[in-house]
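Visitor: Predicted model and sequence below, questions to follow.
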Amino acid sequence: MSRWDPRAIIALGFVLVLFGAAMPWLMVLQIVRSTFWLNFLSYAASVSGLFLGIVGAAFYVRLHKR
């Protein structure tokens, strides 16, 4: 089992949250066509990104606790 760097987990979470926020904004501006699957993907990316950010922050605190 490989060890993940907590900063990489936080960065991945940030990218997912950014995707989850940018896609609905592009749908509102009608740059991207709104579909059910794209809405679901955007929501799932936002929720999983938030979860990964919290988990990555917890790992980071646990590794750097004095």
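Guide: Right, received. Where do you want to start? Residues are numbered from 1 along each chain as shown.
Visitor: Could you report the separation of the nearest residue to residue 32 once chain neighbours are set aside from residue 14?
Guide: With sequence-adjacent residues excluded and distances taken as CB to CB, 6 or more residues apart in numbering, residue 32 is closest to residue 26, at 4.4 Å. Backbone N, C-alpha and C define where each C-beta goes, glycine included. Distance of residue 26 to residue 14, given as CB to CB, to the nearest Å: 18 Å.
Visitor: Ramachandran coordinates for the closest residue to residue 27 other than its chain neighbours?
Guide: Nearest non-adjacent residue to residue 27, counting by CB to CB, 6+ apart: residue 34, 4.3 Å away. Main-chain torsions, residue 34, degrees, to the nearest 10: phi -80, psi 120.
Visitor: how deep is residue 34 tucked in, by neighbour count?
Guide: 13 (other CB atoms under 10 Å).
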